[in-house]
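>>> Here is a sequence together with a model predicted from it:
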Amino acid sequence: MGPMAARPTFRRSLAVVWRSLRSMRTALILLLLLALAPIAGSLVPQRGISDNRILQMFIEHPLRAQFYEYAGLFDVFGSWWFTLIYSLLFVSLIACLVPRTRATWRAVRARPQPVRELESMRHVATRTVTRTPEEALARAERVLRRRLFRVARVQGPGGMPQVAAEKGAAREVGSLLFHWAFILILLGALWGKGTGFSGYAVIVEGETWIEEHQSYDGQIREGSAFDEGHAGIQATLQDFTVTYRETGMAKDFVSTIDFTQPARDGEEAETQRAVAVRVNSPATVGHVRFYQFGYGWAPVIRVADAEGEALFDGPLTFAQDSAPEGVNQLQMPWTGAVKLPGLRPQQGIEFTLYSSPEAALASVQSETPMPVINPRNPVLTFRVYEGDLRLEAPQRSTELETSGMREIDSGVVVVGGTATTSDASGSLLIGFPELREYTVLQVNRDRGTGIMLLAAILILIGLLPALFSARRKIWVQARPDNKSTGTILEVGGFALQRREQFEEAFAGLVDAIAKTAAEEGTS
């Protein structure tokens with residue numbers, strides 16, 4: 001019988017795992033997995049971004065939704081498996097780079113070493129010069145130093161003096177700098193995402209939005225280490241302007257906003273007025289950045305009961321549904337809903353916005369939605385429903401769940417006008433004072449951007465030596481020529497990178513050494 005295999009122990013198992021983590025192959029595999037992880041985040045709705053879709057999935061496909069929940073697919077970047085990949089990659093890179101950095105540090109500090117068999121080098125050349133061996137080596141040193149070699153006088157075989165030279169250590173240092181910069185990228189991403197947040201602010205023209213947790217209405221993702229330290233910045237939308245192409249697609253849209261930072265630590269409040277925020281031109285206020293993300297219509301609607309008591313009064317943000325296949329998104333109507341849970345029985349009103357009474361009439365007659373681009377004389381059509389609003393069911397604030405409800409009235413109201421509904425349960429007065437627009441801003445705070453910028457600079461710096469340098473080693477030894485009073489110079493060397501180019505460079509170096517050794521004058 002052969003020898004029995006050693007019983008695995010926790011220490012041996014840990015050593016195997018550690019050896020695996022120290023492999024650069026393992027680091028590359030983990031880096032690939034880290035790059036593939038966002039694909040899952042793009043295919044599955046994420047918390048803080050598509051909460052309504054997640055709730056809808058739990059209702060329509062509960063088994064699949066529970067699997068996604070256990071697998072952490074609803075929050076990919078906060079899931080246990082993504083954190084595990086991230087942590088293992090961090091440990092693997094450290095485990096690979098620390099011993100490599102030590103070895104490079106020792107190599108950089110060490111003197112060039114002699115070679116025993118110069119004739120065994122891939123590139124060897126011999127020249128005869130009319131100088132003593134000492135003078136020839138001294139001039140060879142001068143040539144090598146001018147070409148940025150690190151030079152040392154060493155003892156070769158049999159005590160024969162040699163000049164050992166090498167260069168290209170910057171290439172290895174640059175490679176290490178490049179890989180350490182990836183560690184900084186991981187740290188920057190971890191610090192920035194862990195202590196920051198990203199959310200969406202919906203601001204109607206003329207209104208002020210405050211950068212606080214509750215202001216995001218659930219449309220916010222906060223890092224696991226976020227300290228709830230929101231900036232409290234006030235953003236007042238003074239104006240929103242959008243220009244369209246001939247096709248009806250938006251050409252440019254810009255939000256003109258007044259930003260006010262609250263007074264803190266004895267400092268006065270600071271206001272930036274008329275700041276233009278547009279696509280690819282965000283605004284930075286303190287450590288918070290505001291990006292232009294979207295826009296829409298916000299009719300001002302007033303709903304009152306028969307006694308004139310206001311049940312709803314203010315701008316209502318309208319939304320567009322996604323266009324079905326084959327239908328232009330511009331043809332989708334803008335819709336909104338007012339829910340009146342305080343009435344008995346409960347009532348809800350669905351609104352649809354049209355650019356003019358003619359567009360509304362044409363839409364009703366043809367059953368084809370008419371696009372709202374630049375409304376000349378906007379109108380709202382409405383349908384009043386009665387029954388259970390089902391407020392506990394997942395639904396957007398701009399939509400009304402009409403299943404189980406009955407339609408009791410419908411009508412049209414023009415801008416600046418009013419309309420009255422009639423029903424046995426009581427009439428409602430619906431007013432449409434004006435039409436406004438709203439903007440959607442993406443609000444981010446990422447403290448890791450400075451670290452990421454530093455890492456990007458270090459990556460570029462680390463790449464430069466790889467482009468302009470290569471490892472080279474040269475040895476020069478001199479011995480008296482027994483047939484004359486001159487000296488025989490033997491030059492050998494090899495290249496660790498770019499070996500094809502080294503052959504021509506080696507020949508030029510040998511010629512330069514021989515020419516310098518033959519020149520008149522002192523060394």
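That came through, no problem. Numbering: from 1, shown residues only.

>>> Name the helix or strand of the chain that has the lowest mean pLDDT.
Using mean pLDDT, DSSP states H and E, the weakest-scoring helix or strand in the chain turns out to be helix 357-366, at a mean of 66.

>>> could you point out which element follows it?
Using DSSP states H and E, the next helix or strand after helix 357-366 towards the C-terminus is strand 379-386.

>>> counting contacts, what elements does that following strand pack onto?
Applying 3 or more Cβ pairs under 8 Å, 6 or more residues apart in numbering; DSSP states H and E, we find strand 379-386 packed against strand 347-354, helix 357-366, strand 406-414, strand 429-445. Yep, even glycine has a C-beta here, placed from its N, CA and C like the rest.

>>> average model confidence for that strand?
In this model, strand 379-386 has a mean pLDDT of 90.

>>> May I have the strands that pair with that strand, each with its orientation?
According to DSSP bridges, strand 379-386 forms sheet pairs with strand 347-354 (antiparallel), strand 406-414 (antiparallel).

>>> Pull out the buried residues from it.
For strand 379-386, a neighbour-count test (16 or more other Cβ atoms under 10 Å) marks 379-386 as buried.

>>> what would these look like in JSON lines with distance to Asn482?
Formatted as JSON lines, those follow (distance: Cβ to Cβ, whole Å):
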{"residue": "Val379", "distance to Asn482": "112"}
{"residue": "Leu380", "distance to Asn482": "110"}
{"residue": "Thr381", "distance to Asn482": "112"}
{"residue": "Phe382", "distance to Asn482": "113"}
{"residue": "Arg383", "distance to Asn482": "113"}
{"residue": "Val384", "distance to Asn482": "117"}
{"residue": "Tyr385", "distance to Asn482": "114"}
{"residue": "Glu386", "distance to Asn482": "119"}
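
>>> Nearest to Phe506, out of the residues you listed: which one, please.
Set against Phe506, the nearest of those by Cβ to Cβ is Leu380 (84.1 Å).

>>> Quick one: the strands in the stretch 151-300 of the chain, in order.
161-167, 197-204, 208-210, 220-222, 234-244, 250-261, 270-278, 283-285, 288-304 (DSSP state E, counting those that start in this stretch).

>>> Compare those strands and say which comes out lowest on pLDDT.
For those, where the average pLDDT is lowest is strand 220-222, sitting at a mean of 81.

>>> name the helices or strands packed onto that strand?
Packing partners of strand 220-222 (3+ Cβ pairs under 8 Å, 6+ apart): strand 197-204.

>>> What lies in contact with the strand it packs on?
With contacts defined as Cβ atoms under 8 Å, 6 or more residues apart in numbering, strand 197-204 is touched by 48, 209, 211, 215-217, 219-223, 226, 230, 235-237, 255, 257, 290, 293, 298, 315, 317, 436-445.

>>> same check, this time on stretch 27-42
For stretch 27-42, the surrounding residues in contact (Cβ under 8 Å, 6+ apart) are 73, 76-77, 82, 85-86, 88-89, 92-93, 96.

>>> any chance of those residues in a markdown table, with neighbour count too?
Output for the contacts of stretch 27-42, formatted as a markdown table (neighbours: other Cβ atoms under 10 Å):
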| residue | neighbour count |
| --- | --- |
| Leu73 | 19 |
| Val76 | 20 |
| Phe77 | 17 |
| Phe82 | 19 |
| Ile85 | 19 |
| Tyr86 | 18 |
| Leu88 | 19 |
| Leu89 | 22 |
| Ser92 | 22 |
| Leu93 | 21 |
| Cys96 | 18 |
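
>>> Just after the helix or strand encompassing Leu32, pick out the following helix or strand.
Take DSSP H and E as the rule and Leu32 turns out to sit in helix 24-43. Going down the chain from helix 24-43, the next helix or strand is helix 51-60, by DSSP H and E.

>>> Nearest to Ala512, out of the strands of the stretch 151-300 of the chain?
strand 161-167 (12.8 Å).

>>> Quick check: can you name the pairing partners of that closest one and their directions?
Paired neighbours of strand 161-167 in the sheet (DSSP bridges): strand 150-155 (antiparallel), strand 472-480 (antiparallel).

>>> Sort out which residues of the shortest one are buried, please.
If you call a residue buried by 16+ other Cβ under 10 Å, then strand 150-155 has these buried ones: 150-152, 154.

>>> now those residues in CSV, with pLDDT?
Output for those, formatted as CSV (pLDDT from 0 to 100):
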residue, pLDDT
Arg150, 91
Val151, 92
Ala152, 91
Val154, 88
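
>>> Check the contact between Thr449 and Lys193; I expect there is one.
No: counting by Cβ atoms under 8 Å, Thr449 stays clear of Lys193, with 11.0 Å between them.

>>> more crowded one of these two?
A direct count of neighbours by other Cβ atoms under 10 Å for Thr449 and Lys193 places Lys193 higher, at 21 against 16.

>>> quick one: which of the strands of the stretch 151-300 of the chain is nearest Thr487?
For the strands of the stretch 151-300 of the chain, proximity to Thr487 was assessed by Cβ to Cβ; strand 161-167 is nearest, at 11.2 Å.

>>> Need the phi and psi values for Arg116.
The phi/psi pair for Arg116 (degrees, to the nearest 10) reads phi -80, psi -40.

>>> Surely it and Pro157 touch.
Yes: counting by Cβ under 8 Å, Pro157 is a contact partner of Arg116 at 5.2 Å.

>>> that older thread, closest one to Ala138 out of the buried residues of strand 150-155, please.
Val151 (10.7 Å).

>>> who's the closest one bridged to?
The partner residues for Val151, given DSSP bridges, come to Ala165.

>>> what does Thr243 give?
On the basis of DSSP bridges, Thr243 is bridged to Asp252.

>>> Let me see the contact set for it.
Applying Cβ under 8 Å, 6+ apart, the residues near Thr243 are 250-253.
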